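# the following block contains a protein sequence and its predicted model.
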Amino acid sequence: MNISVILFAIIAIIGTSFFSYNIWKIKYNINLGLPTERSGQRGKRLKTMLLVAFGQKKMFSRPIPALLHLCLYVAFVITQIELFEIITDGLLHEHRFFRNGLGGFYTFTISFIEILSVLAFFATIIFLARRNLLKLPRLNMKEMIGWPTKDANLILIFELVLLICIFTMNGTDEVLFQRGASHADMGTNGSFGFSVSSFLGPLLFDGLSTESLHFAERMGWWGHLLMVLGFLNYLPYSKHFHILLAFPNTYYSNLEAKGKFTNMESVTKEVKLMMDPTADPYAAPDPDAPPPSRFGAKDVSDLSWKNLMDAYTCTECGRCTSSCPANITGKLLSPRKIMMDTRDRLVEVGESKRKNGKDFEDGKALLGDYISEEELWACTSCNACVDECPVNIDPLSIIIDLRRFLVMEESKIPNELTGMLTNIENNGAPWQFSQNDRLNWANEE
Amino acid sequence: MSIQVPTMAEMTAKGEHPDILFWVGCSGSFDDRAKKITKALVKILNKCKVSFAVLGSEESCSGDPAKRAGNEFTYQMQAMMNIEVLNGYEVKKIVTACPHCFNTLKNEYPELGGDYEVVHHTQLIQDLINTGKLTLESSGTFKGKKITFHDPCYLGRANDVYEAPRQLIAKLDAELVEMKRCKSKGLCCGAGGAQMFKEAEKGNKEINIERTEDATETKAAVIATGCPFCNTMMTDGIKNAEKEAEIKVLDIAELIANAAEL
């Protein structure tokens, strides 16, 4: 067996194993969330996923970034074909394994990939410029300082390197083929006829010796492979994980009207008991009843698994925040920060639970240590953030669950709202008017 | 013209059952500005001889502001009391001029045992016009004028009702001018999520001022809306900009009542 095949197999196995381990961790973390019903209506769910994730439907409300993103997205998806060949070649110690069998179709496919790769290359450069030169406001807000900005730039640079590897590999191979020295067809002089590299190759690499070309070609091949494996293993630590989770996350979208907030059944039980004149207030609690749940959410484990999946799906694009009326008018609230905080806290909780056991508490919480009351009380529940998200993330439901905890468990609520609630309880209106006067308007001039 | 406002109690005593319940809401009952909207809608209902009734003193807050403020207890107490009253009168269909009540009654009451067909007043008025029950003899004082529509969040994004109010504006022979942020991208007036009842958090601008600027940019003579809270916020915004003389903030019901010469 060839040494490079063995090396290839070892790297591939290590790369995919480590990736699988990280995926297991993320799955464990998401499962720390509470149950929420998102099954059924499979047709509708599939349609939502196809339109929103696969079809990028919601991206197109902002056409320029949508087009740039589309270039990257399509190139990424199509390049997997070339990756498939690289893996096949790696395992079989072949060179362009599919070329002989596929002929003209092979030339067409690689040409197509190359054109998309050029588009992706320029899109990536523009993306880097938007972040770092044009300093687009939504990409340069407070919560983006430090790691989030590095993360974003790193991904773009990864992509550039990956694309350079592809063109180095195809370009040098083209020159080698012209010299009759390509491993794809040794001894034959010719051209692969690929759309970009058949021009770009001779332009860039013609001056190199055949030996150097072989070396550069291998560098491109191994570089591509290592970048892909590196990228794969970087994903679970990065906001870029959205390329995988966008699909399940849109599949499990909330299909109800956006204005409908969840009904808290734990409260329904208590209210029914209160309103039932026959209820015995001293009755012993049902011994089989589950332990009383917390009202609202204090930490990530009080949120639903879908909230937690949302957090891992967020790619920090900031469309939510740039459409948030509170944020636009200078308030502390940023829906993107809500999602980033949820993910950061979830990673922390997951790590400590795996290390110290499932019941371990570290004394910290999402509410207070990550998200402040001021942020929560700035929300108008207008659903702009929910509507805006290209992958159907729902920051509003997290905000409301945290508010519920503040109000019902800790009685922490702005003074004016206490007055409003007292009025509703006493006279059935948020203001101090008597319920008996509700029809006075009919007789007023 | 005096208005006729039967209550459910009166009608039931007479052995009658109205087709539709008009849920007035707290703003519509108590807020001086919103009461005018309530009356405009009643005039339309009277004119079209719609069989309706109100709950009067049997109505109570829908619970929306309590739920948005995070107090599910107060919300559910209100909801269950209201559902008892509504179910007691065997209510099938409800119309309301408040998108917050609309959303809560429509989407959140069913899980607590209150299942009704709930429509926003713009939807009902549109239906009255489409079925020929309401004809606009003139186009009122708004013919040829620029009108912009501010989408209430709980009508638009929350429940995907964007067209009914716009089609009604079209009936006025007015020119509908859209704000740069409209329909699903519309900007909130700042009152939702119980913000109506508290001071805004610290920031550098009030949301209603930001939204009023969107509206004044369109050079519209009228800012139309379909929510009593939005009406308050936009009216305040216009006052703040000292543009009360040039720009009116009116509910769709008021525009239609004007055009129908009611």
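Received it, and whenever you're ready, just let me know what you need. Everything quoted here is computed from the prediction, not taken from an experiment.
# residues of the stretch 151-262 of chain B that sit close to chain A?
Within the stretch 151-262 of chain B, the positions near chain A by C-beta under 8 Å from any C-beta of the partner chain are B:153-154, B:157-160, B:184-185, B:187-188, B:190-207, B:210-211. In short, each C-beta sits where N, CA and C put it, glycine included.
# again, only using 7 Å
B:153-154, B:157-159, B:184, B:187-188, B:190, B:192-195, B:197-199, B:201-207, B:210 (C-beta under 7 Å from any C-beta of the partner chain).
# out of these, name the ones that lie in helices.
B:I207, B:E210 (DSSP state H).
# which among the residues of the stretch 151-262 of chain B next to chain A end up buried?
The neighbour count (16 or more other C-beta atoms under 10 Å in any protein chain shown) marks B:153-154, B:157-159, B:184, B:187-188, B:190, B:192-195, B:197-198, B:201, B:203, B:206-207, B:210 as buried among those.
# next, count neighbours for the residue in the stretch 51-200 of chain A positioned nearest to chain B.
Residue of the stretch 51-200 of chain A nearest chain B, by C-beta to the nearest C-beta: A:S61 (7.0 Å). By the criterion of other C-beta atoms under 10 Å in any protein chain shown, A:S61 has 14 neighbours.
# for chain B, give me its nearest residue in the stretch 201-350 of chain A.
Taking C-beta to the nearest C-beta, the stretch 201-350 of chain A has A:G259 as its residue nearest chain B, at 2.7 Å.
# pLDDT at that residue, what is it?
pLDDT for A:G259: 98.
# show me how far the helix or strand A:P65 falls within is from its chain's centre.
Secondary structure from DSSP states H and E places A:P65 in helix A:63-92. Distance of helix A:63-92 from the chain centroid (C-alpha atoms, centre = their mean, to the nearest Å) equals 18 Å.
# and stretch A:402-419, by the same measure?
32 Å.
# please see if it touches chain B.
Yes: on the criterion C-beta under 7 Å from any C-beta, stretch A:402-419 is in touch with chain B at A:R403, A:R404, A:L406, A:V407, A:M408, A:I413, A:P414, A:E416, A:L417.
# buried stuff in that stretch?
Buried-residue list, stretch A:402-419, by 16+ other C-beta under 10 Å: A:L402, A:R403, A:R404, A:F405, A:L406, A:V407, A:M408, A:I413, A:P414, A:L417, A:T418.
# excluding chain neighbours, what is closest to whichever residue of the stretch 51-200 of chain B sits closest to chain A?
Closest contact between the stretch 51-200 of chain B and chain A, by C-beta to the nearest C-beta, is at B:A158 (2.7 Å). In space, and not counting its chain neighbours, B:A158 is closest to A:G259: 2.7 Å by C-beta to C-beta, 6 or more residues apart in numbering or on different chains.
# next, count neighbours for that neighbour.
Counted with other C-beta under 10 Å, A:G259 comes out at 25.
# isn't it right next to B:L105, touching?
No: using C-beta atoms under 7 Å as the test, A:G259 is too far from B:L105 to be in contact (11.0 Å).
# got the CA positions of stretch A:55-70 in PDB?
Output of stretch A:55-70 as PDB, limited to C-alpha atoms (Å, rounded to 0.1, in the frame of the first residue of the first chain):
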ATOM      1  CA  GLY A  55     -33.700  28.400  -1.700                       C
ATOM      2  CA  GLN A  56     -32.300  31.300   0.400                       C
ATOM      3  CA  LYS A  57     -35.700  33.000   0.100                       C
ATOM      4  CA  LYS A  58     -35.400  35.400   3.000                       C
ATOM      5  CA  MET A  59     -31.900  36.600   2.000                       C
ATOM      6  CA  PHE A  60     -33.300  38.300  -1.000                       C
ATOM      7  CA  SER A  61     -34.900  41.200   0.900                       C
ATOM      8  CA  ARG A  62     -31.400  42.600   0.800                       C
ATOM      9  CA  PRO A  63     -30.300  41.800  -2.800                       C
ATOM     10  CA  ILE A  64     -26.600  42.700  -2.800                       C
ATOM     11  CA  PRO A  65     -25.500  40.600   0.100                       C
ATOM     12  CA  ALA A  66     -28.000  37.900  -1.100                       C
ATOM     13  CA  LEU A  67     -26.300  37.600  -4.500                       C
ATOM     14  CA  LEU A  68     -22.800  37.600  -3.000                       C
ATOM     15  CA  HIS A  69     -23.900  35.000  -0.500                       C
ATOM     16  CA  LEU A  70     -25.500  32.900  -3.300                       C
END
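# show me the shaky parts of the chain.
No chain in the question, so chain A it is. Residue ranges of chain A with pLDDT under 70: A:1, A:281, A:285, A:287, A:289-292.
# I was after chain B.
B:1, B:139.
# so it: which segments form each domain?
B:8-127, B:135-259 (automatic domain parsing).
# give me the next element, helix or strand, following the helix holding A:P65.
Next element after helix A:63-92 (DSSP H and E): helix A:99-102.
# show residues contacting that next one.
Contact with helix A:99-102 is made by A:Y106, A:A184, as judged by C-beta atoms under 7 Å, 6 or more residues apart in numbering or on different chains.
# mind doing that once more with 8 Å?
Residues outside helix A:99-102 that contact it (C-beta atoms under 8 Å, 6 or more residues apart in numbering or on different chains) are A:Y106, A:T109, A:A184.
# out of those residues, which is most surrounded?
Going by other C-beta under 10 Å, A:Y106 tops the contacts of helix A:99-102 with 19 neighbours.
# if we ignore the residues flanking it in sequence, what's nearest that residue?
Closest to A:Y106 by C-beta to C-beta, 6+ apart is A:R99, at 4.9 Å.
# off-centre distance for stretch A:174-184?
That offset, for stretch A:174-184, works out to 42 Å (C-alpha atoms, centre = their mean).
# please apply the same query to stretch A:210-223.
Remark: stretch A:210-223 is offset 35 Å from the chain centroid, using C-alpha atoms, centre = their mean.
# and for stretch A:286-303?
28 Å.
# distance between the ends of that stretch?
26 Å (C-alpha to C-alpha, to the nearest Å).
# flag every buried residue along it.
So for stretch A:286-303, counting by 16+ other C-beta under 10 Å, buried means A:R294, A:F295, A:G296, A:A297, A:K298, A:D299, A:V300, A:S301, A:D302, A:L303.
# farthest pair within those residues?
Farthest apart among the buried residues of stretch A:286-303 by C-beta to C-beta are A:F295 and A:V300. That separation is 16.4 Å.
# circling back: just put the contacts of helix A:99-102 in a markdown table and tack on secondary structure.
Shown next, in a markdown table, are those (DSSP: H, G, I helix; E, B strand; the rest coil):
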| residue | secondary structure |
| --- | --- |
| A:Y106 | helix |
| A:T109 | helix |
| A:A184 | coil |
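# can you map out the strands along chain B?
Ranges of strands in chain B, per DSSP state E, are B:20-23, B:52-53, B:93-96, B:117-120, B:146-149, B:175-176, B:222-225, B:248-251.
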